[in-house]
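Peer 1: my questions are about this predicted structure, shown below with the sequence.
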Amino acid sequence: MISVVIVGTGNVAKHLFDAFIQSEKVLVNQVIGRNKSQLKYFEKNTKTSSNFEKAYPSDILILAVSDDVIGELSEYFRKSNALVVHTSGSALKETLSSQRKGVFYPLQTFTEGQKIDFETIPICIEAEDNSDLELLEELASSISGQVFKISSEQRKSLHIAAVYVNNFTNYMYQIGKEICEENNVPFEILMPLIRETSNKIERISPKEAQTGPARRNDRKTLHAQLSLLKKNEHREIYKIMTNTIKAAYGKEL
Ligand SMILES: NC(=O)c1ccc[n+]([C@@H]2O[C@H](COP(=O)([O-])OP(=O)(O)OC[C@H]3O[C@@H](n4cnc5c(N)ncnc54)[C@H](OP(=O)(O)O)[C@@H]3O)[C@@H](O)[C@H]2O)c1
């Protein structure tokens with residue numbers, strides 16, 4: 001059985017905790033966080049504490065905290081014998097000041113209160129030596145069927161790719177919703193289109209899947225749509241996206 005201490009009480013801490021307590025191979029010894037009301041979430045199933053200086057001895061200590069404080073909080077565990085890992089897509093392993101360092105990055109978007117099945121979530125792991133990497137592999141495999149050994153460079157690139165496919169795409173949904181609301185059309189009408197857009201790239205490449213007036217270079221439609229947009233920021237994004245798509249398919253027109 002692998003013993004774990006989780007530091008942090010936010011989204012990732014809660015989702016990891018929920019997954020670990022379902023596994024017979026993992027024992028969550030303790031959750032440490034500065035926010036006492038958030039610690040209540042964990043109280044029924046493990047010990048909790050606000051004292052970062054007194055972590056229970058464990059095999060692995062998971063820092064599921066904001067990127068900016070990973071280094072600062074890892075100072076508390078400088079002398080710990082545990083393997084200390086963070087869960088960030090972008091922070092370097094070297095941000096940690098512990099003796100044994102690693103990364104345990106679950107590549108998914110976590111939102112408060114939205115249950116997630118960990119079995120299908122890719123977990124990207126990294127450590128400094130093979131025995132620590134094996135330990136992380138065992139921990140990751142206890143909750144997920146998708147475990148990847150990924151270097152820091154690869155992880156940073158993956159994180160940027162994830163920003164495009166998740167954060168930016170989600171912002172496009174927000175713009176779509178605003179445009180619907182401005183015109184008294186329910187946003188829900190777009191749901192089947194949103195689902196099909198993401199489903200079809202499991203069958204064909206994004207390049208093949210692209211449709212729309214920019215790909216066709218349908219000038220009249222492009223001008224008409226641009227003139228209908230009320231907000232300057234919507235127009236700017238429309239122009240950048242249109243020009244980029246036109247450039248990508250230009251040779252084929
Ligand atoms: N959310 C995602 O979708 C996602 C996905 C993959 C990886 N990650 C990574 O996972 C990590 C945690 O993200 P999250 O989404 O769980 O963030 P979050 O919900 O905002 O939680 C952040 C945690 O860090 C704690 N914290 C922040 N500053 C602190 C300080 N100075 N001292 C002590 N504790 C402090 C917060 O405590 P308070 O509540 O007291 O502020 C909270 O418990 C990040 O490295 C993030 O990049 C996130």
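Peer 2: Cool, the structure landed.

Peer 1: downstream neighbour of the helix or strand containing residue 27 in the secondary structure list?
Peer 2: Using DSSP states H and E, residue 27 maps to strand 26-32. Using DSSP H and E, the next helix or strand after strand 26-32 towards the C-terminus is helix 36-43.

Peer 1: about what we covered before: tell me the angle the strand holding residue 27 makes with helix 36-43.
Peer 2: Put simply, strand 26-32 runs at 160 degrees to helix 36-43, going by axes from the mean of the first three to the mean of the last three C-alpha atoms, to 10 degrees.

Peer 1: buried residues in strand 26-32?
Peer 2: 26, 28-32 (16 or more other C-beta atoms under 10 Å). No exception for glycine: its C-beta is placed from N, CA and C like everyone else's.

Peer 1: quick check: closest non-adjacent residue to residue 249.
Peer 2: Distance criterion C-beta to C-beta, 6 or more residues apart in numbering; nearest residue to residue 249, sequence neighbours excluded, is residue 215 at 5.1 Å.

Peer 1: SS state for the one you found?
Peer 2: Under DSSP: H, G, I helix; E, B strand; the rest coil, residue 215 falls in the helix class.

Peer 1: and it, what does it touch?
Peer 2: For residue 215, the contacting residues are 245-246, 249, by C-beta atoms under 8 Å, 6 or more residues apart in numbering.

Peer 1: okay, it and the ligand: tell me how far apart.
Peer 2: Applying C-beta to the nearest ligand atom, to the nearest Å, the value for residue 215 to the ligand is 31 Å.

Peer 1: for residue 246, see how far away that residue is.
Peer 2: Distance, residue 215 to residue 246, by C-beta to C-beta, to the nearest Å: 8 Å.

Peer 1: got it, and residue 229?
Peer 2: 17 Å.

Peer 1: shaky segments in this protein?
Peer 2: Scanning the chain with the threshold set as pLDDT under 70 gives 251-253.

Peer 1: what helix or strand is the residue in it sticking out farthest from the centre on?
Peer 2: Residue farthest from the centre of the chain, counting by C-alpha atoms, centre = their mean, is residue 220 at 39.1 Å. Take DSSP H and E as the rule and residue 220 turns out to sit in helix 219-228.
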